[in-house]
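Colleague: Predicted model and sequence below, questions to follow.
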Amino acid sequence: MKKKALSIIIPVYNVEAYLEQCVKSILDQWTPEVEVILVDDGSTDNSGKLCDKFAAQSKELIVVHQENGGLSAARNTGLRFATGRYITFVDSDDFIGDNSVQKILSWIEGSSADICFMNAWKLFPNGRKELLDVPIPHEMLCKGKLNAVKYLSEMNKYPGSAWGKLFRRTFLIQNNLDFPRDRRISEDLGFMRDCILKAERFDSLPIDFYYYRQGRSNSITNKVTKKSFDGVGKFVIESVEKLTLHKKAIGTLESYVMSFAAYEYSIMIWQYSCLTSEEKKASYLFLKEYKWVLEYGKSQKTLFVRKTSAILGLRITSSAMKIYMQLRK
């Protein structure tokens, strides 16, 4: 049997309306070098049955059913079953671009990168789409680890989602890299931070790979709650504990990686405006305690938030960010 080049891991939970488009976008491009792993995380709709239906139609599609454990648990299960040289994650309410798999396979033939970044698009209900972030040029990632991480730290947005990337499987195994098991929201953030910290070789592949569906009514990513605020807060705290000592970055690499914590902290300032009055009490204490993290921000957005909050304070900055986010929609 020919060794698999690519494993595509798809966590599935109550997405029967979107699952077929997701799976079809992959199977329409399938080759024997690719395996697809569907992890049904205890769905209560027809998603699990759909997974079995797809598996009956394609022998290279693996289905795993498990009790509900959350997105991280489903992805970790997929990692245990994966055999490909490289791994990519696709959320089951999203889909991938036409002809992207063959381009990935061609890239894999000549690559030894630990992480590869690809283009992702936000797809809105009216059919409009926009790039999630500026594409990352290959030449900015091939000048050594420190230069690569410096470039990533200065990007407009922290590339903190597990999807839209390729990960060398042995790199993940050798460094014990997987997702947190505490059912937090924003579980990707720490995984990507640790991958960037451990990786030695970075690359980018300029293809339109990922289509990230916006505006799905029951998606947790569309709701700001105290739980989502606290999920990002855990990432900030863990980053501080891992990367700093007495508020000072341990080294140059850690200083660059702290910029990701600064970016996510700036997101928390906006999230604060969406909380109830009762929830804001403890949340404001957190924002005050970790405001210093903004000093590590290197992106233009984070620098703007740092200057604005220094002048106007956290509460007014939060309200202004809420208005901005509403106008942007």
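Modeller: Arrived safely.
Colleague: Now stretch 74-87: buried residues?
Modeller: By neighbour count on 16 or more other C-beta atoms under 10 Å, the buried set for stretch 74-87 is 74-79, 82, 84-87. Using the backbone N, CA and C atoms, a C-beta is placed for each residue, glycine as well.
Colleague: Kindly reformat the residues you listed as CSV containing secondary structure and distance to residue 149.
Modeller: Below are the buried residues of stretch 74-87 laid out as CSV (DSSP: H, G, I helix; E, B strand; the rest coil; distance: C-beta to C-beta, whole Å):
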residue, secondary structure, distance to residue 149
74, helix, 29
75, helix, 24
76, helix, 25
77, helix, 30
78, helix, 27
79, helix, 24
82, coil, 26
84, coil, 26
85, coil, 24
86, strand, 20
87, strand, 21
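Colleague: tell me which of those is nearest to residue 64?
Modeller: Nearest to residue 64 among the buried residues of stretch 74-87 is residue 77, at 5.7 Å by C-beta to C-beta.
Colleague: Do a quick rundown of the helices in the stretch 201-329 of the chain.
Modeller: 226-243, 252-272, 277-289, 300-312, 314-328 (DSSP state H, counting those that start in this stretch).
Colleague: right, so those helices: which one is the most enclosed?
Modeller: The highest mean neighbour count among those, using mean count of other C-beta atoms under 10 Å, belongs to helix 252-272: a mean of 23.
Colleague: Quick one: list the elements packing against it.
Modeller: Helix 252-272 sits against helix 145-153, helix 188-198, helix 226-243, helix 277-289, helix 300-312, helix 314-328, with contacts defined as 3 or more C-beta pairs under 8 Å, 6 or more residues apart in numbering; DSSP states H and E.
Colleague: got CSV for these, with distance to residue 14 and mean pLDDT too?
Modeller: Below are the helices and strands packed on helix 252-272 laid out as CSV (distance: least, C-beta to C-beta, whole Å; pLDDT from 0 to 100):
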stretch, distance to residue 14, mean pLDDT
helix 145-153, 33, 97
helix 188-198, 19, 98
helix 226-243, 18, 97
helix 277-289, 26, 96
helix 300-312, 33, 95
helix 314-328, 27, 90
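Colleague: for the ones you listed, which one sits closest to residue 104?
Modeller: Distance to residue 104, taken as C-beta to C-beta, is lowest for helix 188-198 among the helices and strands packed on helix 252-272, at 17.8 Å.
Colleague: if we can go back for a sec, out of the helices and strands packed on helix 252-272, which gets nearest to residue 95?
Modeller: Residue 95 lies closest, by C-beta to C-beta, to one member of these: helix 188-198, at 18.2 Å.
Colleague: ok, now how distant is residue 328 from residue 141?
Modeller: Noted for residue 328: a distance of 29 Å to residue 141, by C-beta to C-beta, to the nearest Å.
Colleague: For residue 166, give me the backbone phi and psi.
Modeller: Main-chain dihedrals, residue 166, degrees, to the nearest 10: phi -120, psi 130.
Colleague: I'd say it and residue 87 touch.
Modeller: Yes - between residue 166 and residue 87 there is a contact under C-beta atoms under 8 Å: 7.2 Å.
Colleague: Common neighbours of the two, please.
Modeller: Residues touching both residue 166 and residue 87 (C-beta atoms under 8 Å, 6 or more residues apart in numbering): residue 6.
Colleague: closest one to residue 204 among the helices and strands packed on helix 252-272?
Modeller: Proximity to residue 204 (C-beta to C-beta) singles out helix 145-153 among the helices and strands packed on helix 252-272, at 9.8 Å.
Colleague: Name the surrounding residues that touch that closest one.
Modeller: Helix 145-153 is contacted by residues 136, 140-142, 159, 196, 199-202, 252-253, 256-257, 259-260, 298-299 when judged by C-beta under 8 Å, 6+ apart.
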